[in-house]
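1. Quick one: sequence and predicted model below, then my questions.
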Amino acid sequence: MIEIFTGWAQRRYARRACIELLDIYQQERRSHPELSGKPLYARIAARKSGADDETGHRIVRQAEESFADWRFDRDVTLRDVAAYLIIDAYLKAKPGRHSTSYMRSTVARMIPAEL
């Protein structure tokens with residue numbers, strides 16, 4: 001029973017965060033149409049986390065190390081950055097929680113792979 005509630009809570013948290021990140025993505029694309037890839041993701045990460053540009057770039061590097069570099073030889077995507085931001089924020093908000101198994105799949109369903 002606890003596992004069902006945990007899964008529901010994680011998916012709900014991830015869905016809300018994905019909606020917010022997609023909104024930030026759209027705003028940044030309109031404001032800075034010349035940006036794409038890592039520079040765009042860094043702006044999104046900085047804005048989502050309330051941090052400066054340097055921190056945004058650090059977040060993108062951490063997402064790349066966590067999801068893109070070691071598992072697949074590919075460039076980091078918005079989906080990777082979103083998963084990193086969402087999981088990191090969830091774990092900070094819910095001390096003692098170590099499993100985030102439901103969150104990655106929710107992010108994958110909500111954030112298009114091509115962004």
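-> Received, thanks. None of these values were measured; they are calculated from a predicted model.
2. where in this structure is pLDDT low?
-> Applying pLDDT under 70 to the chain picks out residues 1-5, 68-72, 97-98.
3. Identify the residue nearest the geometric centre of it.
-> Centroid-nearest residue in the chain, with C-alpha atoms, centre = their mean: residue 82, separated by 1.1 Å.
4. just checking, residue 104 touches residue 87?
-> Yes. Taking C-beta atoms under 8 Å as the definition, residue 104 is a contact partner of residue 87 at 7.4 Å. (C-beta placed from N, C-alpha, C; glycine too.)
5. Let me know the next secondary structure element after the longest helix along the chain.
-> The residue-count maximum for a helix in the chain (DSSP state H) belongs to helix 2-31. Using DSSP states H and E, the helix or strand that follows helix 2-31 in sequence is helix 37-49.
6. Going by neighbour count, list what's buried in that next one.
-> Going by neighbour count (16 or more other C-beta atoms under 10 Å), the buried part of helix 37-49 is 38, 40-48.
7. Any chance you could list what contacts it?
-> For helix 37-49, contacts defined as C-beta atoms under 8 Å, 6 or more residues apart in numbering pick out 20-21, 24-25, 28-29, 32, 35, 51-53, 55-57, 59-60, 63, 75-76, 78, 81, 85.
8. Make a ChimeraX selection of the buried ones in the residues you listed.
-> Command for ChimeraX that selects the buried part of the contacts of helix 37-49, burial taken from 16+ other C-beta under 10 Å:
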select :21,24,25,28,56,57,59,60,63,76,78,81,85
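9. Okay, angle between the longest helix of the chain and helix 37-49 too, please.
-> Relative orientation of helix 2-31 versus helix 37-49 (axes from the mean of the first three to the mean of the last three C-alpha atoms, to 10 degrees): 120 degrees.
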